[in-house]
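Asks: Next one to model:
(one chain, ligands or ions: 1)
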Amino acid sequence: MAVADTTLLPLNQGLPWQDEQWQQLCRLLNSNRLPHAIMLSGGEDTGKRHFAERFIQRLFCISPLDDEACGECKQCCLYLSGGHPDFKRVEPEAAGKAISINAIRELSAFSVITAHQQSWKVALVAPAEAMTLNAANAFLKTLEEPREKTLLLLVHDQLAPVLPTIRSRCRVLSQGLPPPALVRDWLAQQLGDAGGAVDELLARAGGRPLRALAFAESNTLDDIARFEQVLKQVQTGEAPPVSSAAAFEGQSLTQLLEWLLAYYSRQLINAAQSGSFAQPRQFAFYDLLLATRKKLESKTNLNPQLILEELFLSLSQST
Ligand SMILES: [Zn+2]
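Replies: Residues are numbered from 1 along each chain as shown. Sure, this is the predicted structure:
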């Protein structure tokens with residue numbers, strides 16, 4: 001689940017690594033060749049959601065300037081207020097939950113009514129992989145009946161699966177991790193004087209620009225440093241695993257797991273670079289981290305504290 005791929009940034013401000021795809025979509029729009037379904041597929045926290053919302057505003061805007069929404073016309077204001085009658089947002093009721101078949105039924109009903117403003121109708125399905133199998137099958141029917149001036153826009157985090165039959169009916173725009181140099185310049189610009197920690201922020205965020213920005217805005221580096229200090233103590237036997245895990249009770253396990261993955265993969269990389277080979281049990285621990293992440297994504301009822309304790313125990317035995 002993305003932590004920061006939201007619309008914190010002004011919608012009429014593009015992200016430089018998306019320029020080419022932005023122009024591509026605008027060309028299709030301007031020549032009346034826009035596909036009826038578009039899937040933005042890529043890594044977390046790289047700005048897919050922002051791209052989608054920016055393009056939707058551009059579609060609704062009645063006086064765009066240089067292919068950018070004006071931000072001031074009636075349509076822009078309606079959209080930005082969250083009350084545009086020709087826009088439908090399809091998302092889970094709470095973060096980490098599934099998109100239900102009822103939400104898709106509402107979308108089907110929305111797709112057949114006439115637009116209020118005689119312009120585009122748009123539905124944003126995000127994240128697409130959150131649809132239950134029933135919801136995905138129902139969505140397929142809507143996809144198979146394209147309607148004029150109706151756009152279905154899907155945002156998909158590429159690690160999670162989505163029905164191939166849905167994917168094949170969409171124009172897929174892949175948005176991988178952006179080039180590091182471009183991200184670095186952008187982040188430094190966003191942070192202004194506070195930009196000294198750009199490299200560290202990006203390393204902690206795995207090169208994901210919006211996650212790095214969110215880290216900076218919430219002083220997350222300090223939290224990570226504290227967490228890693230504990231990991232180190234658990235690993236070296238200076239601190240007992242179970243009671244150390246208790247100190248993080250109530251915190252997001254998804255987030256802690258990401259930090260743990262980053263911490264441990266750095267260790268494996270450092271070991272490889274220094275010419276020493278990692279032990280099988282170290283790889284086994286890394287596999288356990290990946291398997292746990294997959295388990296969390298499956299959204300079944302889990303006991304986060306118990307999982308963290310188990311991870312800390314395994315960590316203490318991994319070296
Ligand atoms: Zn406008």
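Asks: where's whatever residue of the stretch 201-319 of the chain ends up closest to the ion relative to residue 156, distance?
Replies: Of all residues in the stretch 201-319 of the chain, residue 210 sits closest to the ion, at 24.3 Å by C-beta to the ion. C-betas here are computed from N, CA, C, even on glycine. For residue 210, the distance to residue 156 equals 16 Å [C-beta to C-beta, to the nearest Å].
Asks: tally of neighbours for the closest residue to the ion within the stretch 101-250 of the chain?
Replies: Of all residues in the stretch 101-250 of the chain, residue 119 sits closest to the ion, at 11.4 Å by C-beta to the ion. Using other C-beta atoms under 10 Å, residue 119 is surrounded by 14 other residues.
Asks: Does it touch residue 73 like I think?
Replies: No. If you go by C-beta atoms under 8 Å, residue 119 and residue 73 don't touch, sitting 11.4 Å apart.
Asks: tell me, what's touching the two both at once?
Replies: residue 62 (C-beta atoms under 8 Å, 6 or more residues apart in numbering).
Asks: which residues are in contact with the helix or strand hosting residue 287?
Replies: Secondary structure from DSSP states H and E places residue 287 in helix 280-297. Residues from elsewhere that reach helix 280-297, judged by C-beta under 8 Å, 6+ apart: 1, 159-160, 253-254, 257, 260-261, 264-265, 267-268, 271, 302, 307, 311, 314-315, 317-319.
Asks: In strands, which of those appear?
Replies: Judged by DSSP state E, strands contain none of the contacts of helix 280-297.
Asks: Which ones among those residues also lie next to the ion?
Replies: Among these, no residue is within reach of the ion (C-beta under 5 Å from the ion).
Asks: Which positions in this structure make contact with the ion?
Replies: Counting by C-beta under 5 Å from the ion, the chain sits next to the ion at 61, 69, 70, 73, 76.
Asks: Tell me how the chain divides into domains.
Replies: As assigned by automatic domain parsing, the chain contains the domains 16-175, 219-316.
Asks: hey, which of these is tucked in deepest?
Replies: Each of these was scored by mean neighbour count; the highest is domain 16-175, a mean of 17, by mean count of other C-beta atoms under 10 Å.
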